[in-house]
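A.B. asks: with the input below, show me the fold.
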Amino acid sequence: MNKVLKDTGERVIPEKMKITNELLIEHIARYHFAVNYANGRVLDFASGSGYGTHITAKKCKKRVSEVIGVDIDLEVVEYARKTYYHPLTTYLQEDVTDPNLPKKLGQFDTILSFETIEHVEEEEQFLSNIYNLLKPGGKLVLSTPFGQGRGKPCGSPFHVHQLTEEEFNNLFNEYSETHFYYQKGALIEPAGVETNGNKPLGLVVCQK
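C.D. replies: Okay, here's the model as predicted:
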């Protein structure tokens, strides 16, 4: 029998959530959005219980060579290995801010990073790792909730802070191409679409 994970308040465990749960719907929508970009060797940063890594492997099995899910929590890594096995998936316990990560894992054609950066104090190292882990021409799909800005308190005890839209947009200047999106619930729309001032969460698709 699989080990039952404790609910930390932000951890998404589909087996323990109702199908109508807004958090679950929002997270699954991001992965279904991202599968349009998944190709070759894929890295899922902060993969948690493994459902998104599994979605990517299942939906993109003809386009990906492997999907590696990385999380700092060994408990969720072990849960993912047991609950979301797929021949194309591997789950590893690693720190997304470890400067040796590019040497350990090599480079990837696609990197997914959903709701991670707001938890990371070493933001620059995290972003540097992503860039160095990505192959030239590779794609990054990353998301984060918007808030009051860097260094300012936010409503979640799990977050270091929540970036403003401007701060978020300025993180990706070194990429050759960037496309920004907004998400509310399951709906993901490109930047420039009228949102009536409601922009709770941002996504970016970058090409190195």
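A.B. asks: which of the residues in the longest helix out of those in the chain are buried?
C.D. replies: Longest helix in the chain, counting residues (DSSP state H): helix 22-34. Judged by neighbour count using 16 or more other CB atoms under 10 Å, the buried positions of helix 22-34 are Leu24, Glu26, His27, Ile28, Arg30, Tyr31, Phe33, Ala34. (Glycine included, C-beta is placed from N, CA and C.)
A.B. asks: and of those residues, the nearest to Ser49?
C.D. replies: Of all these, Ser49 sits closest to His27, with 10.3 Å by CB to CB.
A.B. asks: state the pLDDT value of the nearest residue to Ala186 once chain neighbours are set aside.
C.D. replies: In this structure, Ala186 finds its nearest non-sequential neighbour in Ala29, 4.2 Å apart by CB to CB, 6 or more residues apart in numbering. Ala29 is assigned 95 on the pLDDT scale.
A.B. asks: below-threshold pLDDT in this structure: ranges please.
C.D. replies: Within the chain, the ranges that satisfy pLDDT under 70 run 1-10, 156-157, 193-198.
A.B. asks: ok so, going back, next up, the contacts around the residue nearest to Ala186.
C.D. replies: Gln183, Gly185, Ala186, Leu187, Ile188 (CB atoms under 8 Å, 6 or more residues apart in numbering).
A.B. asks: enumerate every residue touching His86.
C.D. replies: Counted by CB under 8 Å, 6+ apart, His86 has contacts His54, Ala57, Lys58, Val67.
A.B. asks: so where do the strands sit in this protein?
C.D. replies: Listed in chain order, the strands of the chain (DSSP state E) span 40-45, 64-71, 89-93, 108-114, 134-145, 177-184, 187-190, 201-207.
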